[in-house]
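Student: here you go, sequence then predicted model.
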Amino acid sequence: EHGPGSSLEISGISKHFRGLKALTGVSMSVSPGEIRGVVGPNGSGKTTLFNIVSGIYSVSSGSASVDGRVVTGRRPHQLSRLGLARTFQNLRLFDRMTVRDNILVALDRSSMVAVWRYVLWPIGVLREERELRARADELLARYGLTDFAGAAPGSLPYGIQRRLEIARAMASGPTLLLLDEPAAGLNGQEVGQLSEIVRSIRDSGVTVVLIEHNMGLVMSLCDRVTVLAGGGVIADGTPAEVAVRPEVIEAYLGD
Ligand code: ADP
């Protein structure tokens, strides 16, 4: 029913903040259906790269494309229509809403049936509401959140909040998902659950790119890894390949 996911091609991206060179000609190529890790010491440019691909920052030079369509220079909502979704390192959940409403808001924003509201009101509104609620319940179930549907996100364990953040990103039906440090703050058991969730997302037809500091997770989960240091790519390959590269070991020793 679904394709393997989107491709992501990053070509020669540089990003300067005034005098600071955060990225210097970064290129990487992610295949459809891949789980790609992006690793590197603090300040190596990982988040800047995500912010560029997701339309938050402009580029100084270079470009990125998803399925051959240039995404650099577009607004975040346009990127969502091209199949891109992301999570943030610092959770961005609505704390005054329930878990279910957090999902409903995300679904509503990306709803293709929103047009019903104007053309066939009130039949459309009822129908849309019903469809959105059904899809929200589906997402809650898929990410193990049903039991917490009525809770405020802030009252829940951190691991559950992270799952909600992923479920919310998945509400737009993406084909490329960017995860910014999804394992940060998780305990060992939660990291295991996260790993299964990411695999099932990939298996459902979504390419996944994740920034991650948990090397155990990167080694076991990622098909390939791109290593950044000082704003440039210093290694790219399977986890086993990059782990033994001297320049990678050196970059981490200096961290
Ligand atoms: P990482 O995610 O690998 O830790 P970042 O992409 O956050 O690295 O940062 C790379 C470099 O770019 C750092 O030196 C950081 O201070 C700088 N930087 C990131 N965002 C901005 C910004 N909005 N303004 C100025 N400098 C920034």
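Tutor: Happy to help now that I have it. Residues are numbered from 1 along each chain as shown.
Student: skipping adjacent residues, who's closest to the most centrally placed residue in the chain in space?
Tutor: The chain has Leu178 as the residue nearest its centroid, 2.1 Å off, counting by C-alpha atoms, centre = their mean. Leaving aside its chain neighbours, Leu178 sits nearest to Arg86 (3.9 Å; criterion: C-beta to C-beta, 6 or more residues apart in numbering). Backbone N, C-alpha and C define where each C-beta goes, glycine included.
Student: can you show me the strands along the protein?
Tutor: Taking DSSP state E to define them, one finds strands in the chain at 8-17, 20-30, 35-39, 61-66, 69-70, 84-86, 176-180, 207-211, 224-229, 232-237.
Student: mind putting those into TSV with mean pLDDT and distance to the ligand?
Tutor: As requested, the strands of the chain are exported to TSV (pLDDT from 0 to 100; distance: least, C-beta to the nearest ligand atom, whole Å):
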stretch	mean pLDDT	distance to the ligand
strand 8-17	98	3
strand 20-30	97	3
strand 35-39	98	8
strand 61-66	97	15
strand 69-70	95	21
strand 84-86	95	13
strand 176-180	97	8
strand 207-211	98	7
strand 224-229	97	6
strand 232-237	96	12
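Student: dump the ones you listed to CSV, plus distance to Asp137.
Tutor: Shown next, in CSV, are these (distance: least, C-beta to C-beta, whole Å):
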stretch, distance to Asp137
strand 8-17, 31
strand 20-30, 32
strand 35-39, 27
strand 61-66, 29
strand 69-70, 33
strand 84-86, 20
strand 176-180, 21
strand 207-211, 24
strand 224-229, 35
strand 232-237, 41
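Student: what's the burial count for the closest residue to Ala183 other than its chain neighbours?
Tutor: Excluding the flanking residues, the one nearest Ala183 by C-beta to C-beta, 6+ apart is Asn214, at 4.4 Å. Counted by other C-beta atoms under 10 Å, the residues lying close to Asn214 total 21.
Student: and this structure, which of its residues are near the ligand?
Tutor: Residues of the chain lying close to the ligand by C-beta under 6 Å from any ligand atom are 17, 20, 22, 40, 42-48.
Student: a markdown table for those residues, including neighbour count?
Tutor: Formatted as a markdown table, the residues of the chain next to the ligand follow (neighbours: other C-beta atoms under 10 Å):
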| residue | neighbour count |
| --- | --- |
| Phe17 | 11 |
| Leu20 | 9 |
| Ala22 | 21 |
| Gly40 | 26 |
| Asn42 | 8 |
| Gly43 | 15 |
| Ser44 | 23 |
| Gly45 | 24 |
| Lys46 | 24 |
| Thr47 | 19 |
| Thr48 | 20 |
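Student: and the furthest pair within the residues you listed?
Tutor: Maximum pairwise distance in the residues of the chain next to the ligand, criterion C-beta to C-beta, is 17.4 Å, between Phe17 and Gly40.
Student: for the stretch 101-250 of the chain, which residues score under the pLDDT cut-off?
Tutor: Residues of the stretch 101-250 of the chain that meet the criterion pLDDT under 70 lie in 109-126.
Student: where do the helices sit along it?
Tutor: For the stretch 101-250 of the chain, the helices defined by DSSP state H, counting those that start in this stretch cover 116-119, 123-142, 158-170, 188-203, 215-221, 239-243, 246-253.
Student: so which of the ones you listed is the most packed in?
Tutor: Using mean count of other C-beta atoms under 10 Å, the stretch among the helices of the stretch 101-250 of the chain with the largest mean neighbour count is helix 158-170, at a mean of 21.
Student: tell me which other helices or strands it touches.
Tutor: In terms of contacts (3 or more C-beta pairs under 8 Å, 6 or more residues apart in numbering; DSSP states H and E), helix 158-170 is packed against strand 84-86, helix 99-109, helix 123-142, strand 176-180, helix 188-203.
Student: ok, which of the ones you listed comes nearest Gly154?
Tutor: Of all these, helix 99-109 comes closest under C-beta to C-beta, at 10.5 Å.
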